[in-house]
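Visitor: Sequence first, predicted model second:
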Amino acid sequence: GLFRQPPCTTLVISEQGLKIEYNWILGKVERTPDENKYIEAARKAVDNSLKQLSGTDKKILLCFSGGVDSLYLGKRIQALGIDFDIIYWMINSQAFKTAQRGAKILGKELTVIDCSNYTEELKEIVETEMFFDHHYARIHYVGCQEIVKRYGNEIILVNGQNSDSILTYGPSETKRTSFWKR
């Protein structure tokens, strides 16, 4: 029943179902004509959200495309001194070079999660359930199965990649208005 997650929230999936926890409220970010002040307030808000990752014993994985959003999140997590790995959802290799360049900037090894194993059975499940939007549902449905195989289910998944479609930090555009939206 969840089609779009509210901004700056954590989606907790348990046996009891889905629960959304708010990390901070966008409406509390001071809005003034001062662009630098806004950028600093937004950075602090993102940092306050990411600080919740400190001190966890769970593996932290950043879904990473190497684009503006995921690279920014990676840099902010590093600035907070939090250990994490980066993963790339592989469907095709067109955007892979961007992710590799971004990984190099972060000084991290890029772990590739193969999402190409999209069987007719999985396609039917995704289309029936319509998780988020079809393309990204495919990535996350197949990709999360692979993540559980590799890392188990005691992980924290931070999503900067594909965020314009499903989670919190999008959109992945480079226009000035898009930065303001972030």
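Guide: Everything's here; your move. For clarity, every value in this text was computed on a predicted model and none was experimentally measured.
Visitor: how deep is the nearest residue to I125 once chain neighbours are set aside tucked in, by neighbour count?
Guide: Counting by Cβ to Cβ, 6 or more residues apart in numbering, the nearest residue to I125 once its immediate chain neighbours are dropped is Y141, at 7.1 Å. Every residue, glycine included, has its C-beta placed from N, CA and C. Y141 has 18 neighbours, counted by other Cβ atoms under 10 Å.
Visitor: same question, the one 3 residues further on
Guide: By other Cβ under 10 Å, the residues close to C144 number 16.
Visitor: can you check Q100 too?
Guide: So Q100, with other Cβ under 10 Å, has 14 neighbours.
Visitor: Do a quick rundown of the strands in this protein.
Guide: 9-14, 17-22, 59-63, 85-90, 110-114, 155-159 (DSSP state E).
Visitor: So the residue nearest to I125 versus Q100, what's the distance?
Guide: According to Cβ to Cβ, to the nearest Å, Y141 stands 25 Å off from Q100.
Visitor: Now do the contacts for R76.
Guide: Neighbouring residues of R76 by Cβ atoms under 8 Å, 6 or more residues apart in numbering: R43, V46, D47, L50.
Visitor: hmm, 7 Å instead?
Guide: Shown in contact with R76 (Cβ atoms under 7 Å, 6 or more residues apart in numbering): V46, D47, L50.
Visitor: And the helices in the protein?
Guide: 35-50, 68-79, 96-106, 120-129, 134-151, 176-181 (DSSP state H).
Visitor: measure the nearest residue to L71 once chain neighbours are set aside to T119 for me?
Guide: Spatial nearest neighbour of L71, chain neighbours left out: G102 (4.8 Å); criterion: Cβ to Cβ, 6+ apart. For G102, the distance to T119 equals 30 Å [Cβ to Cβ].
Visitor: The two: who's more crowded?
Guide: Comparing G102 with T119 by other Cβ under 10 Å, the one with more neighbours is G102, at 23 against 9.
Visitor: Quick one: neighbours of N117, just the number.
Guide: Neighbour tally, N117, other Cβ under 10 Å: 10.
Visitor: and the gap between it and D85?
Guide: 21 Å.
Visitor: likewise G152?
Guide: Taking Cβ to Cβ, one finds G152 at 14 Å from D85.
Visitor: which of these two has more neighbours?
Guide: D85 (15 against 10).
Visitor: can you pull the contacts of the more buried one?
Guide: L61, T111.
Visitor: Same check on I77?
Guide: Taking Cβ under 7 Å, 6+ apart, one finds L50, L53, L62, F84 in contact with I77.
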